[in-house]
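S.K.: for reference, the sequence and a predicted model appear below.
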Number of protein chains: 4
Amino acid sequence: MFAFTRKAQYHETDRMGVIHHANYVKWLEEARIEWMDRLGLSYRAVEDAGVVSPVVELNLRYRRPMTFGDTATVELRAVRYTGVVLELAYTVRTADGETALEATSKHCFLKNGRPVSLKKELPAVHAALSEERNRDNEGEERI
Amino acid sequence: MFAFTRKAQYHETDRMGVIHHANYVKWLEEARIEWMDRLGLSYRAVEDAGVVSPVVELNLRYRRPMTFGDTATVELRAVRYTGVVLELAYTVRTADGETALEATSKHCFLKNGRPVSLKKELPAVHAALSEERNRDNEGEERI
Amino acid sequence: MFAFTRKAQYHETDRMGVIHHANYVKWLEEARIEWMDRLGLSYRAVEDAGVVSPVVELNLRYRRPMTFGDTATVELRAVRYTGVVLELAYTVRTADGETALEATSKHCFLKNGRPVSLKKELPAVHAALSEERNRDNEGEERI
Amino acid sequence: MFAFTRKAQYHETDRMGVIHHANYVKWLEEARIEWMDRLGLSYRAVEDAGVVSPVVELNLRYRRPMTFGDTATVELRAVRYTGVVLELAYTVRTADGETALEATSKHCFLKNGRPVSLKKELPAVHAALSEERNRDNEGEERI
């Protein structure tokens, strides 16, 4: 499991006094990109190779509001990776360890607008994602 | 069914050249608020009565990218309303009628941070939402 | 003078209860693009011709806060256009006609990352911008 | 001088491939809040005391585009502080030390919607801001 920490920003709040629900989607993206960086898979390098990885599915369960000044930790696990599809699960926690959000995302990989197999296009990325998925699923139930 | 139309903005695109996936969450909110307005239920008036309606769940299926200059139509249906929980379904369509996004959202109602029954707190809002839900479900399967 | 109207959105508010100051920058962009559209100069077409028009300068005077549900009118005037540089002035007004924001922006035109003269690159756009600047400056002091 | 570092995020880019110009306004806010935190002046505590500090003026000079994956350093100096008005100057630098943006902001202090003197309302905050302004202006020309 990978964990990414960031502060909840003032400009992310809304008039209800809490972080606006759309902003968590950006936090998940930030965690995802940081996770890839730490795996040695710069998302910028992936895009420079002509491969993009759009989000095809996103599911969010808002458990507890966060607000400006709070520190959020986004935990990320690779729950499924087939070479063609990647599924991630996230838990956003407050500084107290309380669950603020649970989420999953699903991604495909495209080159020139067409689905590609990462195994062929970017074998090093493929190997790292496969290993990460295995590590994240050891001793854990699939979510 | 309610339909809300808006342009996809330049500032909503990302370096992939398309609308960033987080921005659709804002479009759904805009449609929801506009829908309440047309029902005669100003969300601002609801908040002025001390009631807030946070999103507790959000599910998004990205079908087709949209980009700057495109005109998006957000179709909205009330699929469930119990007095305590409201569930909405959305289809975002391109100008050609193609599906760009399918989504559902789930909302509760809070006063002073505690769940309330709209039936008691805001009976006129309750009546309008109940009627709308009935209208949207006539002759349609639940999604 | 061109006027563009749009609603202040919930997702644009912050915990102070008003529209977050960064969002007005987006409103000015929306007005600018709409203004170009009405001049017959689709910004998308300009970009398709390989020309981009980045903002090089932005000055904002916040006069009065706006909030969710307010209707904003962005008035836009072309105050200077030289073929290489475009300067615009904006007044954002509330529904009551009160000034919420005064702003100016300055833009250049780039092709392949280098400054270009619109007169040569896109003569029709050049002619329309020149005419608009003349119209906006007739009988008005420069701001 | 205070320096604040953060990564340029994917969700902050636009279809021109660079950070959208509205997002720098958020970076300046993040730097400002972090600066106050390090002075021991939590902006959250200031707001909890009923004092808000809206932006009344903002001037931005965009020098060089930044993009996803870049590391930005926001340098911040207090150039003027009168007890009633605070003026800050910022330089956003790339990892190479190049200037990406120069900016200034002006802030007032309000309680219950009316201007207040920080010297009376929050003397500790007043003392810290005065000292910081003096430190930032020593040996430097006013900008």
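M.R.: Looks like it came in fine.
S.K.: alpha carbons only for contacts and neighbour counts from here, please
M.R.: Fine.
S.K.: spell out which parts of chain A neighbour chain C.
M.R.: A:10-18, A:20 (C-alpha under 8 Å from any C-alpha of the partner chain).
S.K.: overlap between those and the residues near chain D?
M.R.: Within those, those near chain D by C-alpha under 8 Å from any C-alpha are A:10-11.
S.K.: make a markdown table out of the residues of chain A next to chain C and add secondary structure and pLDDT.
M.R.: Output for those, formatted as a markdown table (DSSP: H, G, I helix; E, B strand; the rest coil; pLDDT from 0 to 100):
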| residue | secondary structure | pLDDT |
| --- | --- | --- |
| A:10 | helix | 97 |
| A:11 | helix | 98 |
| A:12 | helix | 98 |
| A:13 | strand | 98 |
| A:14 | coil | 97 |
| A:15 | coil | 95 |
| A:16 | coil | 93 |
| A:17 | coil | 94 |
| A:18 | coil | 96 |
| A:20 | coil | 98 |
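S.K.: out of the residues of chain A next to chain C, who's nearest residue C:57?
M.R.: residue A:11 (21.8 Å; C-alpha to C-alpha).
S.K.: residue C:11 is in contact with the closest one, correct?
M.R.: No - assessed by C-alpha atoms under 8 Å, residue A:11 is found out of contact with residue C:11, at 10.4 Å.
S.K.: can you tell me what sits against stretch A:70-77?
M.R.: A:1-8, A:27-28, A:31-32, A:35, A:88-95, A:133, A:136 (C-alpha atoms under 8 Å, 6 or more residues apart in numbering or on different chains).
S.K.: of those residues, buried ones?
M.R.: Among those, those buried by neighbour count (16 or more other C-alpha atoms under 10 Å in any protein chain shown) are A:2-5, A:8, A:27-28, A:31-32, A:35, A:88-94, A:133, A:136.
S.K.: which of the residues you listed fall in helices?
M.R.: Among the buried ones among the contacts of stretch A:70-77, the members found in helices (DSSP state H) are A:27-28, A:31-32, A:35, A:133, A:136.
S.K.: related to what we said a few turns ago, in a markdown table: the residues of chain A next to chain C, plus neighbour count.
M.R.: Shown next, in a markdown table, are the residues of chain A next to chain C (neighbours: other C-alpha atoms under 10 Å in any protein chain shown):
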| residue | neighbour count |
| --- | --- |
| A:10 | 23 |
| A:11 | 24 |
| A:12 | 23 |
| A:13 | 25 |
| A:14 | 25 |
| A:15 | 21 |
| A:16 | 18 |
| A:17 | 18 |
| A:18 | 18 |
| A:20 | 25 |
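S.K.: could you dump the residues of chain A next to chain C to CSV with distance to residue B:100?
M.R.: Converted to CSV, the residues of chain A next to chain C look like this (distance: C-alpha to C-alpha, whole Å):
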residue, distance to residue B:100
A:10, 31
A:11, 28
A:12, 26
A:13, 28
A:14, 27
A:15, 29
A:16, 29
A:17, 31
A:18, 29
A:20, 23
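S.K.: next up, the contacts around the residue nearest to the spatial centre of chain A.
M.R.: The centroid of chain A falls nearest to residue A:32 when counting by C-alpha atoms, centre = their mean (3.4 Å). By C-alpha under 8 Å, 6+ apart, the contact list for residue A:32 reads residue A:76.
S.K.: report pLDDT for it.
M.R.: The score at residue A:32 is 97. That number is its pLDDT.
S.K.: residues touching residue A:50, list them.
M.R.: Taking C-alpha under 8 Å, 6+ apart, we find residue A:50 in contact with A:111-112.
S.K.: picking that back up, for the residues of chain A next to chain C, which one is nearest residue D:104?
M.R.: Using C-alpha to C-alpha, the residues of chain A next to chain C come closest to residue D:104 at residue A:11, 18.1 Å.
S.K.: which ones are touching that closest one?
M.R.: Residue A:11 touches C:14, C:20, D:26, D:29, counting by C-alpha under 8 Å, 6+ apart.
S.K.: need the phi and psi values for the nearest residue to the first one once chain neighbours are set aside.
M.R.: Counting by C-alpha to C-alpha, 6 or more residues apart in numbering or on different chains, the nearest residue to residue C:14 once its immediate chain neighbours are dropped is residue A:14, at 3.9 Å. When read as degrees, to the nearest 10, the backbone of residue A:14 gives phi -130, psi -180.
S.K.: these two touch, right, residue A:14 and residue C:9?
M.R.: No - in this structure, residue A:14 is not within contact of residue C:9 by C-alpha under 8 Å, at 10.3 Å.
S.K.: my read: residue A:129 touches residue A:81, true?
M.R.: Yes - between residue A:129 and residue A:81 a contact is recorded at 7.1 Å, counting by C-alpha under 8 Å.
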